[in-house]
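S.K.: Below are the sequence and a predicted model; questions follow.
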Amino acid sequence: MSVLSALVAALGSADVEVVDLTAPLSPSTPVLQLPPPFANTIPLSLETVSAFDDAGPAWRWNNIHTGEHTGTHLDAPAHWITGRDGETVDVIPPSKLVAPVVVIDVRAQVAANPDFLLEPEHVTAWEAHHGRVPDGAWLLLQTGWSARQDDAAAFLNADQNGPHTPGPSAEAARWLASERTIAGFGVETVGIDAGAAGGFEPPFPAHHYLLEAGSYGLTQLRNLERLPATGAVLVVSPLPIVGGTGSPSRVFALVEK
Ligand SMILES: O=C(O)C(=O)c1ccccc1S
Ligand SMILES: [Mn+2]
């Protein structure tokens, strides 16, 4: 039996489960809110072209208005100034679109502190149990934050001092970019950087270092609790927007039961 035949058989027998990691995309999907004077992306909106009416008696269709960085989306290296000469979303290599995925569970730490920062020591402690993060793998940070996805205020979790959401420290971002070779870094929150990362050095270090290194970002993921710490395969499906810095993406994982 060929490998793909075996996969099809496994999918049919539920030995391999397809887990959708994508948040539903609607006009109420929370989007990043950068402070003035910075511009912000738009949320999704649907504009009716026709709906079984005079404009289209037998068909319904819409125009969609969205940012590249709206909802569950991919960040390409070209999104950040440090990766400005890097890959745009239309040329992401297939080896990053379908790749091994590992999950680091920090839900307990985040439940105690929404400003929790992933440090290199958290990754090396995980590696002591699960082995080194494989070269070319996606590393997903499981924070439990997807439970907030239906409440924009809770999801963005901002007060007068700014947003309070977890993410990597500047040192963790630098370390992941220099000491490991990951396809990308994925999160449940609105962006791959922590809410306070605008005040880090360098600002937004996950973007700064990981996109500089040619890694990608994935945001606003959910259902990470259905993934094993290792052994699953991630499939990332961005739109191939020519020259795009990112794209809303359908993301799912193949999980052996
Ligand atoms: O790439 C994003 O969606 C994102 O999170 C972001 C975009 C622009 C500026 C800062 C950030 S933090
Ligand atoms: Mn983004």
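M.R.: Sure, I can see it. Ligands and ions are numbered 1, 2, ... in the order given.
S.K.: Can you tell me the centre-most residue of this protein?
M.R.: The chain has Leu218 as the residue nearest its centroid, 1.8 Å off, counting by C-alpha atoms, centre = their mean.
S.K.: If the closest residue to that one other than its chain neighbours is in a bridge, with which residues?
M.R.: For Leu218, the nearest residue in space outside its immediate sequence neighbours is Gly186; the separation is 3.5 Å by C-beta to C-beta, 6 or more residues apart in numbering. The way it works is simple: take the backbone N, C-alpha and C, and place the C-beta from them, glycine included. Counting by DSSP bridges, Gly186 forms beta bridges with Leu140, Leu218.
S.K.: Which residues are in contact with the residue in the chain positioned nearest to ligand 2?
M.R.: Closest approach between the chain and ligand 2, counting by C-beta to the ion: His69, at 3.5 Å. Counting by C-beta atoms under 8 Å, 6 or more residues apart in numbering, His69 makes contact with 31-32, 41, 75, 79, 191, 219, 245-246.
S.K.: Could you list the residues in contact with the helix or strand hosting Glu121?
M.R.: Assessed by DSSP states H and E, Glu121 sits inside helix 120-130. The contact list for helix 120-130, computed with C-beta under 8 Å, 6+ apart, reads 102, 104, 106, 133, 139, 171-172, 175-176, 179-180, 229-230.
S.K.: ok, back up a step: if you rank the contacts of His69 by neighbours, which is first?
M.R.: Asp75 (29 neighbours; other C-beta atoms under 10 Å).
S.K.: Show the pLDDT at it.
M.R.: Per-residue pLDDT puts Asp75 at 98.
S.K.: Dig out what it forms beta bridges with.
M.R.: Gly217, Gly246.
S.K.: Pro36 and Trp80, how far apart?
M.R.: For Pro36, the distance to Trp80 (C-beta to C-beta, to the nearest Å) stands at 21 Å.
S.K.: Have a look at those two and say which one is more surrounded.
M.R.: Taking neighbours as other C-beta under 10 Å, Pro36 and Trp80 compare with Trp80 leading, 20 against 6.
S.K.: Would you confirm that that one contacts Gly214?
M.R.: No. Look at Trp80 against Gly214 with C-beta atoms under 8 Å: they stay out of range, at 11.2 Å.
S.K.: before we move on, the earlier item: I figured the residue nearest to the centre of the chain hits Ala183, correct?
M.R.: No. With contact defined as C-beta under 8 Å, Leu218 does not count as touching Ala183 (9.6 Å).
S.K.: near ligand 2, which residues of the chain?
M.R.: Neighbours of ligand 2 within the chain, by C-beta under 5 Å from the ion: 69, 75, 246.
S.K.: residues touching Trp80, list them.
M.R.: By C-beta under 8 Å, 6+ apart, the neighbours of Trp80 are 204, 207-208, 211-212.
S.K.: Let's see if you can find the most crowded of the residues you listed.
M.R.: Leu211 (29 neighbours).
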